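Asker: Here is the input, now give the coordinates:
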Amino acid sequence: MPAVPANASVSASLTQAVLQAAENLGVSRDYLLQACGLHESQLSDPDARISLNAQQLLWQTIQEQLVHAEPGLAIGLQMAPVPFSVLGYLLQSSHTLDEALHTAQRYQRLVGEGGELQLQEDKQCLQLIYLPSQPQHPANRPRILALMACWVQWMRPLLKDFQLLEVHFAHSQPQELEDYQTCFGCPLRFDVEHYALVLPAEQRQARLTQANPAVQTLLRQHAEALLARLPSESLSARVVSLLSAQLGHGE
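Answerer: Okay, the predicted model is just below:
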């Protein structure tokens, strides 16, 4: 599992998106800000950072306050397809899904340090696995469900023949599955080891409909500058990240 960096943080733009989605669903924005110790001034710059602990507390409060069978899915569907800072635009302008996924791995810390995207592939399937950095945290379920819903809503319009083979969940099967089917529309597996979206392997090379190489170059320069501003990862964390990216290709 990924280690939690010292002073782990998430982007202010992500926090803004979560707050706006919750407010759209009837939860008081002021109450949420007060509950997790945040102020509007901390969120005015989309490239600013807030602590991961505050973000986790935000998700816990949403889970408690939002009257919904699965608050995480409800928030995720409200957020999608929101680009979270520069990373969202980088993904949209990628040439292929493969390029987008490697971009997501490279720059995922720009969105947040609450977990890590890993890719596993065989001849039939490509798995997009999310590993939370705090595996037992009570905020994981709503937070990761929202993330998965966002990923699906992001990919659908960008891939002409988008298909999900399965979706995996680390938590137990709930009594109500209607929201899951509405969001994912494929077979669901619960009580498995990891949260994961499972796609046909051939979709990895599928072209994205909004590919823009010129925009990519500019966005990558900005993304690299933002990444350089974050506290450095440990050597072991960087090695794990690089090895994970290579293992995704079977190298």
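Asker: Please enumerate the helices of the stretch 1-150 of the chain.
Answerer: Secondary structure of the stretch 1-150 of the chain, counting by DSSP state H, counting those that start in this stretch: helices at 12-24, 29-35, 52-65, 71-79, 85-92, 97-111, 140-158.
Asker: Can you add mean pLDDT, distance to residue 231 and mean neighbour count and give the ones you listed back as JSON lines?
Answerer: C-beta: built from backbone N, CA, C; applies to glycine. Shown next, in JSON lines, are these (pLDDT from 0 to 100; distance: least, C-beta to C-beta, whole Å; neighbours: other C-beta atoms under 10 Å):
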{"stretch": "helix 12-24", "mean pLDDT": "94", "distance to residue 231": "17", "mean neighbour count": "21"}
{"stretch": "helix 29-35", "mean pLDDT": "97", "distance to residue 231": "25", "mean neighbour count": "15"}
{"stretch": "helix 52-65", "mean pLDDT": "96", "distance to residue 231": "12", "mean neighbour count": "20"}
{"stretch": "helix 71-79", "mean pLDDT": "93", "distance to residue 231": "26", "mean neighbour count": "23"}
{"stretch": "helix 85-92", "mean pLDDT": "86", "distance to residue 231": "17", "mean neighbour count": "22"}
{"stretch": "helix 97-111", "mean pLDDT": "93", "distance to residue 231": "10", "mean neighbour count": "20"}
{"stretch": "helix 140-158", "mean pLDDT": "94", "distance to residue 231": "22", "mean neighbour count": "21"}
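Asker: Tell me which residues touch the residue nearest to residue 146 when sequence neighbours are not counted, please.
Answerer: The shortest distance from residue 146 to any non-neighbouring residue, by C-beta to C-beta, 6 or more residues apart in numbering, is to residue 76 (3.5 Å). Applying C-beta atoms under 8 Å, 6 or more residues apart in numbering, we find residue 76 in contact with 21, 145-150, 153, 183.
Asker: Likewise for residue 94?
Answerer: 100, 103, 208, 211, 216.
Asker: Now do the helix or strand containing residue 199 against helix 97-111, angle only.
Answerer: Assigned by DSSP states H and E, residue 199 belongs to strand 195-200. Angle of strand 195-200 versus helix 97-111, following axes from the mean of the first three to the mean of the last three C-alpha atoms, to 10 degrees, is 160 degrees.
Asker: This completes my enquiry, with thanks.
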